[in-house]
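**Q** the sequence and its predicted three-dimensional model are supplied below.
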There are 4 protein chains.
Amino acid sequence: MVESNGAHVNGASHPASKPAAEEPERKKRCLWFEEELEEDLRWVFGVSKILHTGVSEFQDIELVESGPFGKVLILDGKLQSAEADEFVYHESIVHPALLYHSNPKNVFIMGGGEGSTAREALRHRSVEKVVMCDIDEEVVNFCRKHLTVNAEAFRSSRLDLVINCARAELEKRTEQFDIIIGDLADPVAGGPCYQLYTKSFYECILKPRLKEGGILVTQGGPAGILTHTEVYSSIYNTLRQTFKYVVPYAAHVPSYADTWGWIMASDQPIPTMSVDETDSRIKQRIDGELKFFDGQTLSATMALNKHVRKSLAAERHVYTEETARFIHGHGTALKM
Amino acid sequence: MVESNGAHVNGASHPASKPAAEEPERKKRCLWFEEELEEDLRWVFGVSKILHTGVSEFQDIELVESGPFGKVLILDGKLQSAEADEFVYHESIVHPALLYHSNPKNVFIMGGGEGSTAREALRHRSVEKVVMCDIDEEVVNFCRKHLTVNAEAFRSSRLDLVINCARAELEKRTEQFDIIIGDLADPVAGGPCYQLYTKSFYECILKPRLKEGGILVTQGGPAGILTHTEVYSSIYNTLRQTFKYVVPYAAHVPSYADTWGWIMASDQPIPTMSVDETDSRIKQRIDGELKFFDGQTLSATMALNKHVRKSLAAERHVYTEETARFIHGHGTALKM
Amino acid sequence: MVESNGAHVNGASHPASKPAAEEPERKKRCLWFEEELEEDLRWVFGVSKILHTGVSEFQDIELVESGPFGKVLILDGKLQSAEADEFVYHESIVHPALLYHSNPKNVFIMGGGEGSTAREALRHRSVEKVVMCDIDEEVVNFCRKHLTVNAEAFRSSRLDLVINCARAELEKRTEQFDIIIGDLADPVAGGPCYQLYTKSFYECILKPRLKEGGILVTQGGPAGILTHTEVYSSIYNTLRQTFKYVVPYAAHVPSYADTWGWIMASDQPIPTMSVDETDSRIKQRIDGELKFFDGQTLSATMALNKHVRKSLAAERHVYTEETARFIHGHGTALKM
Amino acid sequence: MVESNGAHVNGASHPASKPAAEEPERKKRCLWFEEELEEDLRWVFGVSKILHTGVSEFQDIELVESGPFGKVLILDGKLQSAEADEFVYHESIVHPALLYHSNPKNVFIMGGGEGSTAREALRHRSVEKVVMCDIDEEVVNFCRKHLTVNAEAFRSSRLDLVINCARAELEKRTEQFDIIIGDLADPVAGGPCYQLYTKSFYECILKPRLKEGGILVTQGGPAGILTHTEVYSSIYNTLRQTFKYVVPYAAHVPSYADTWGWIMASDQPIPTMSVDETDSRIKQRIDGELKFFDGQTLSATMALNKHVRKSLAAERHVYTEETARFIHGHGTALKM
């Protein structure tokens, strides 16, 4: 078709090549990433470059350069992680549980193939081993190769990288862990991770792998005013049926367009830590500076608002093999 | 063009009118509201109905039925308020200041023509008068007519509704107020509300209108990890130059696709209230049940995360007549 | 939430209320109509107002003011007709058949509840009666009320408006027509109009209602380079099995984002008319000025391009009760 | 963040891993190309892959895999050419002029760096030389490398590829051509190609380069019912002031979401060719099979509809150094 052909040169007999009163051309963004958060709600941002792509047995993998969020990791069209604010998610999923534990030596991460969760865990000086168990080898390789911020973690001698279904891996191991982190996709019926959120999974497969004083922390899906009953309250209630002490906490992650939730669970008490105690432990235990977490942040994330607290308290749904909840865009609901 | 014409009737010689193997037709959403939050970031939700429209001297006004957020008030194409979560914003902008104050009798609201801020203020039993001063008579009339949730507030004998520029109104009054609430558009150079965020405005016009022990609380714009330096940190720092005690707090408002910020300021101390003290005051002072706010929520909103706290502490920008900051979609920046 | 509050007034001690170097605010379009033409193809235009809405037993009805196309009629989220270019569609569906006919006295319109097809037919002086038979009374009423361009047609004494399924109406009538116009939704399995495109419908119900020399003309769906095999070629081939003479023709309708097709069919020859002969007949027979159609336009629309002609010639699919084709967004295909 | 972790394995004690009543997950398109055709009109299609990117001194270059149109070449965010239908554009811009000419031996292409125009020209057996003159070396290299459909043309010994401003190239050459093809961006004030559409350019620079009997054919921008007065009618009228015989013609190009226009111009008559004569010449002169063009197609494209014909006849605007028209998205208008 047509190509641009600049013609700024004029012979002497011609006036200035540019007529007066022109506006500079504005380069419009033409490539957009769109995620359907809800049936009628779209999160749309401009993409300037597709940096790398891959495909695994399970999903499509893309690393794109976005306008607002820097480099963004997308799996099967769903935003997983954004350079600009992934520290919020990863500091949140890792540090509270490790700080609450008296002396965490070994950590088992279910999922987390991106490497960022392991990166945060490895900052704890007491940690001797981090097992990162993800089912998707391509995602792991992709992230190891392209997410430079996790390069050091991937190379760490303390990292034990396993490619396997986390459930199967926990079943086959005999060792026990101080901390188990669930960094998996949300539980939806028919979805790949549903089986790692059921009561029986927690009871029969996970708990046996926790040492005395061990803590489970799991990502809990969206925890915003309008979305916390999609899966968060159910995960919370399921854990509440399984563990003696359950502590929900949440923070706003801009690139997720929502507040996100996590939940700690243990059969030993998880007593409130003062702001000073938290700051002190952070100083003692963690290499480098945290960007999001300190004592005050911890107290903020752990003080849920009234509306969400009421829902959590009232939730009766439990994930079992027979029941499920629906989260938009992932499989179907089997209503109770 | 073509109209649908159902043909479900068949003569006896014809088989079933519907051929086999058909899927039900899915009604697709066709009308979308789109707000450009940043240059490369769009917040897009489905609209099922435009309920009411109006136009004022200043802006276009629409109340639409949205998919995710219920009824949504839109001014000049920017989402102002959504039925599903406006309680987060309005409880947040009103109750902390009124709860901190020992005995708030009169309240002056700059802006707030929607009526929701007044609604929350009027729930305080000690409050004898709420002056709601908005410049846009059409918006006020529109909301009074169509936002049924505020009907009672609009009718209240304790409400003193004034149509005027708030700055001019404060200048002309001599009475003083226990609480002044700034519920205005964000400050941008050339924007309609810039003059209500400057140091000189606070010093010379607003403070004289505050009683002894009086508290100013203002909305502060987006306060998320990625956006809090657009205007929030500047408003905070400007207030810090003007008042002895300044308390920032924030909460995630889903329909704004961001964490939103507010700031209390006073020349009298705003001491921390314990969770129990807060709950107690709420019980004593406020009619009806709050959905978002209680003692724990207050502590959550007031504990900002480390990242934002650092920015606020480091902010040097002050709003004066000569300087400004830029917030996307509103006028231009005059850089310092 | 916040309301705008202009603060343009300054006391004498304050400098100009507007800081320097500001850009005017640009009012962005915020409401968009989106139609999914194909799975990966969207036609999106700005909507400034929703003028009127209605709902019938069959579909949602909206008349909106659009940016590019003027007033637009939308049924169930699909653009039906746009003020700016509906004359292309309606002149095209009506005038060729009526001009080819030696002396059209009565016309039966299947569908066309919008009124525009009847409007064009009534411009022919020879026409004594136009039966407009649409199943959707609300659409008819809505358009009669709101589409002022068709007001005269709706009031015409020559118009016989019937609310019924066209198939049932033709079955029950005994009179015959010079022209039958199919102005219905595209044929898709399970869709409301499929039964009015089948071979048996044409053979057994429609043809008996055509007088000697009578002509059927039907809209044929998208007829563009990339889309003409969705339904157009099948309608063409089905008619080819049923009538002796079949003449396809097409024109680009901007608001449909595609070339649209129609097909004339008759058991009497439809001989080529010269440009002059066409212009002459238009002058003699039609009231007022046509905007799109004259002799040259007719020859243009009837000369299909090579690519489409080849497809039409090769098409073997026939619409019967058992088979169907798929058009995006409407029901499912039952493949042959 | 979270990674998918399949858990399809169950120990013997667990029931089927998939709860009942699940729907298969639908992979949603997440990357979209959006072009703003008009201020309120967007053409949006899904992109599955970015195949290649480049950047030149003048523009960004992308070749993407799209859903509806196959591979699509995008320059500075504007769709230039789509695999699925570029044959419509390129057969249209080349073959009429070459078929009308009695014996075209040499052809000069202004622009056309994509190679497709040259490809079509080289199919004419009489053609001994095609000069392709584009200013953008990167675009030429990019297309030579990645548009395999043009590989043969790029390698042709009859192709003389020149990197230069076409205007400067024509000025410096002394040889004359049978055919000059303008395959450039639309003329807009301040745009790169404006100077190649002015009366003085045609008079003083181009015409001297046409042999006796030579024909100029230029692309003319959008020629649809609603858009043909943006630039098409002005180009037409400008040519009408400069050449004795001017023949406009147009065809719908789906990926452009509009009818596109071209114009032939010559000082020798361009008499109507019959359908048979056209088909005969195509057979004699052109290698291989044309997909879009034959005699009937030619007559279709050359018979413009009444609405457009009237505009063209009435157009008074002429492109000179002082005047311009505005086409959306390119620079500003300098109104007459």
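**A** Perfect, thanks for sending it. Numbering: from 1, shown residues only, chains lettered A, B, ... in the order given.
**Q** contacts and neighbour counts: CA atoms only from here.
**A** OK.
**Q** pull up the residues of the stretch 151-300 of chain A that are close to chain D.
**A** Remark: the part of the stretch 151-300 of chain A in contact with chain D comprises A:165-168, A:183-185, A:189-196, A:219, using CA under 8 Å from any CA of the partner chain.
**Q** quick one: which of these sit in strands?
**A** A:183, A:219 (DSSP state E).
**Q** ok, and which of the residues of the stretch 151-300 of chain A next to chain D reach chain B?
**A** Answer for those near chain B: none qualify (CA under 8 Å from any CA).
**Q** which of the residues of the stretch 151-300 of chain A next to chain D count as buried?
**A** A:165-168, A:183-185, A:189-196, A:219 (16 or more other CA atoms under 10 Å in any protein chain shown).
**Q** contact partners of the helix or strand residue A:144 falls within?
**A** Using DSSP states H and E, residue A:144 sits in helix A:137-146. Helix A:137-146 has contacts (CA atoms under 8 Å, 6 or more residues apart in numbering or on different chains) with A:52, A:54-56, A:61, A:113-115, A:134, A:150-151, A:154, A:163.
**Q** out of the residues you listed, who's the most crowded?
**A** residue A:113 (32 neighbours; other CA atoms under 10 Å in any protein chain shown).
**Q** how many residues are close by the closest residue to that residue other than its chain neighbours?
**A** Spatial nearest neighbour of residue A:113, chain neighbours left out: residue A:140 (4.9 Å); criterion: CA to CA, 6 or more residues apart in numbering or on different chains. As a burial measure, residue A:140 scores 24 neighbours (other CA under 10 Å).
**Q** kindly report the same for residue A:92.
**A** 25.
**Q** cool, residue A:148 as well?
**A** Close neighbours of residue A:148, defined as other CA under 10 Å, add up to 11.
**Q** which residues in the stretch 51-200 of chain A form strands?
**A** A:60-66, A:70-75, A:78-82, A:106-111, A:129-134, A:159-163, A:177-183 (DSSP state E, counting those that start in this stretch).
**Q** tell me the strands beside the fourth one, with direction?
**A** Using DSSP bridges, the neighbouring strands of strand A:106-111 in the sheet come out as strand A:129-134 (parallel), strand A:177-183 (parallel).
**Q** ok, residue A:277 touching residue A:295?
**A** Yes: proximity of residue A:277 to residue A:295 meets the contact threshold set by CA atoms under 8 Å, at 7.4 Å.
**Q** the helix ranked longest in chain A near chain B anywhere?
**A** Using DSSP state H, we find that the single longest helix of chain A is helix A:86-100. No: Helix A:86-100 is not in contact with chain B by CA under 8 Å from any CA; minimum separation 8.7 Å.
**Q** that helix vs strand A:106-111, what angle?
**A** Angle, helix A:86-100 to strand A:106-111, by axes from the mean of the first three to the mean of the last three CA atoms, to 10 degrees: 140 degrees.
**Q** helices or strands next to helix A:86-100 in the packing?
**A** The helices and strands touching helix A:86-100, judged by 3 or more CA pairs under 8 Å, 6 or more residues apart in numbering or on different chains; DSSP states H and E, are helix A:116-121, strand A:177-183, strand A:210-222, strand A:245-253, strand A:258-266, helix A:275-285.
**Q** so where's chain A shaky on pLDDT?
**A** Under the criterion pLDDT under 70, the flagged ranges of chain A are A:1-27, A:323-336.
**Q** at the geometric centre of it, which residue sits there?
**A** When CA atoms, centre = their mean is applied to chain A, the residue found nearest the centroid is residue A:89 (5.5 Å).
**Q** correct me if wrong: residue A:180 contacts residue A:217.
**A** Yes: counting by CA under 8 Å, residue A:180 touches residue A:217, with 6.4 Å between them.
**Q** neighbour count for these two, which is higher?
**A** Between residue A:180 and residue A:217, counted using other CA under 10 Å, the more crowded position is residue A:180 (29 against 25).
**Q** and the contacts of stretch A:71-88?
**A** Contacts of stretch A:71-88 (CA under 8 Å, 6+ apart): A:35, A:59-66, A:69-70, A:251, A:253-256, A:291-292, B:225-226, D:1-3, D:27-30.
**Q** contact residues of chain A facing chain B?
**A** Near chain B, when you scan chain A using CA under 8 Å from any CA, you find A:29, A:38-46, A:67-68, A:84-85, A:224-226, A:252-254, A:257-259, A:291-294, A:296-297, A:299-307.
**Q** now these: which count as buried?
**A** Neighbour counting with 16+ other CA under 10 Å marks A:29, A:38, A:40-46, A:67-68, A:84-85, A:224-226, A:252-254, A:257-259, A:292-294, A:296-297, A:299-307 as buried within the residues of chain A next to chain B.
**Q** just the residues you listed: which are in helices?
**A** Those of those lying in helices (DSSP H): A:296-297, A:299-302, A:306-307.
**Q** for these, which one is nearest residue C:107?
**A** Closest to residue C:107 out of those is residue A:307 (64.3 Å), distances taken as CA to CA.
**Q** what separates the closest one from chain D, distance-wise?
**A** 26 Å (CA to the nearest CA, to the nearest Å).
**Q** again, but for residue A:290
**A** 17 Å.
**Q** for the nearest residue to residue A:202 once chain neighbours are set aside, phi and psi?
**A** Sequence neighbours aside, residue A:242 is the residue nearest to residue A:202 in space, at 6.9 Å (criterion: CA to CA, 6+ apart). Main-chain torsions, residue A:242, degrees, to the nearest 10: phi -120, psi -30.
**Q** same question for residue A:113.
**A** Backbone geometry at residue A:113, expressed as degrees, to the nearest 10, gives phi -60, psi -20.
**Q** show the contacting residues for the residue of the stretch 151-300 of chain A found nearest chain C.
**A** Residue nearest to chain C within the stretch 151-300 of chain A: residue A:225 (17.3 Å; CA to the nearest CA). Residue A:225 sits next to A:307-308, B:85, B:253-254 when contact means CA under 8 Å, 6+ apart.
**Q** and what of residue A:48?
**A** By CA under 8 Å, 6+ apart, the contact set of residue A:48 is A:29, A:31, A:64-67.
**Q** regarding it, what is its secondary structure?
**A** strand (DSSP: H, G, I helix; E, B strand; the rest coil).
**Q** can you list contacts of stretch A:193-211?
**A** Residues outside stretch A:193-211 that contact it (CA under 8 Å, 6+ apart): A:167, A:170-171, A:174-180, A:184-188, A:216, A:235, A:238-239, A:241-242, A:318-321, D:4-8, D:17.
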